[in-house]
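Engineer: Got a predicted structure here, sequence first:
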Amino acid sequence: MEPKDRLIFPLDVSSREAALDWIERLQGQVGLFKVGLELFVAEGLPFLNTIAEILPGGYFLDLKFNDIPATLKAAQHRLFKNVTFFTVHCDQGRQMLRETVAALQNGVKFLAVTVLTSLSSDDLLALGYDRRYALNPTELVLLRARFAQAAGCRGVICSGQEVKAVKERFGPDFLAICPGIRPDWSVVAADDQKRVVTPYEAIQAGADYIVVGRPIRRAANPVEAAKRVVEEIERACP
């Protein structure tokens, strides 16, 4: 891949017009655009049909499905036109994850969400996780990545702090996509991300793709900010 192909930009906006504006501004600077829950709830299936037409090379649909397989199979029927990546949660456990991925097979690369990058060890302890996993989130990520690989997922969503361990344990072909990316030159006010790394650190550790939103979106010059991220990616690529 070219360095820019590894950069995913999330369309975390609440209108079709804003999303299309970001696509127009950044289409030559990023490799993939991501549609998440905010935009999907605001604009629904009609917008997915639009983005499938204007991005024939594909896009990332990040809805983090988490329900019983029968429900998810019924819900996904109209979602997957030109979708490259689609996310499901690991929270439902091994058997449910396996059944979900089997039910949703549609030529799409399924990614399992391991541990959200907004969660810290204190958060995991408060949620009742065993101290072995709460105090070392990498162990929880590896546990869930093992479930994901066995279920047939093409990779996982994890923080850059865990990606090296994921790659060492599951091999280079098991994809690792990292959100929670914060360049040293970026300041994000009221940031909810806790397990963060720089673009350089994530790629050097083995990330296949990084998701960078607010550091680009809130920059005085988003195009230049995207270029700076790509430059970091290029420096880190083997």
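Structural biologist: Here it is on my side, so go on.
Engineer: all helices of this structure, in order?
Structural biologist: Listed in chain order, the helices of the chain (DSSP state H) span residues 16-26, 37-54, 69-75, 94-103, 121-126, 131-134, 137-151, 163-170, 199-205, 214-217, 222-236.
Engineer: how about low-confidence regions in the protein?
Structural biologist: The model of the chain has pLDDT under 70 over residues 76-78, 104-106, 187-194.
Engineer: and with 80 instead?
Structural biologist: Scanning the chain for pLDDT under 80 picks out 66-80, 91-93, 95-96, 99-107, 187-195, 238.
Engineer: List the buried residues in stretch 146-165.
Structural biologist: Residues of stretch 146-165 classed as buried: 146-149, 151, 153-165 (neighbour count, 16 or more other C-beta atoms under 10 Å). The C-beta positions use only the backbone N, C-alpha and C, and glycine is treated the same way.
Engineer: My read is that residue 217 contacts residue 12, right?
Structural biologist: Yes: using C-beta atoms under 8 Å, residue 217 is in contact with residue 12, at 7.3 Å.
Engineer: one step back: of all the helices of the chain, which one is nearest residue 7?
Structural biologist: Closest to residue 7 of those, according to C-beta to C-beta: helix 222-236, at 5.9 Å.
Engineer: for the closest one, packing partners?
Structural biologist: Packed against helix 222-236 by the contact rule (3 or more C-beta pairs under 8 Å, 6 or more residues apart in numbering; DSSP states H and E) you find strand 7-10, helix 16-26, helix 199-205, helix 214-217.
Engineer: which outside residues touch the first one?
Structural biologist: Spelled out, that is strand 7-10. When contacts are defined by C-beta atoms under 8 Å, 6 or more residues apart in numbering, strand 7-10 is touched by residues 22, 26, 29-34, 36, 60, 62, 177, 209-213, 216, 226, 229-230, 233.
Engineer: Tell me the bridge partners for residue 88.
Structural biologist: residue 65, residue 112 (DSSP bridges).
Engineer: Run through the residues that contact the residue of the chain most remote from its centre.
Structural biologist: What lies farthest from the middle of the chain is residue 131; by C-alpha atoms, centre = their mean that is 26.1 Å. Residues near residue 131 by C-beta under 8 Å, 6+ apart: residue 125.
Engineer: quick one: it from residue 139, how far?
Structural biologist: Distance of residue 131 to residue 139, computed by C-beta to C-beta, to the nearest Å: 10 Å.
Engineer: Could you do residue 29 as well?
Structural biologist: Relative to residue 139, residue 29 is positioned 36 Å away (C-beta to C-beta).
Engineer: ditto for residue 10
Structural biologist: 27 Å.
Engineer: The two: who's more crowded?
Structural biologist: residue 10 (22 against 15; other C-beta atoms under 10 Å).
Engineer: which residues does that one bridge with?
Structural biologist: Residue 10 forms beta bridges with residue 34, as assigned by DSSP bridges.
Engineer: Also residue 83?
Structural biologist: Beta bridges link residue 83 to residue 59 when assigned by DSSP bridges.
Engineer: burial measure for it, as a count.
Structural biologist: A count of nearby residues for residue 83, using other C-beta under 10 Å, gives 20.
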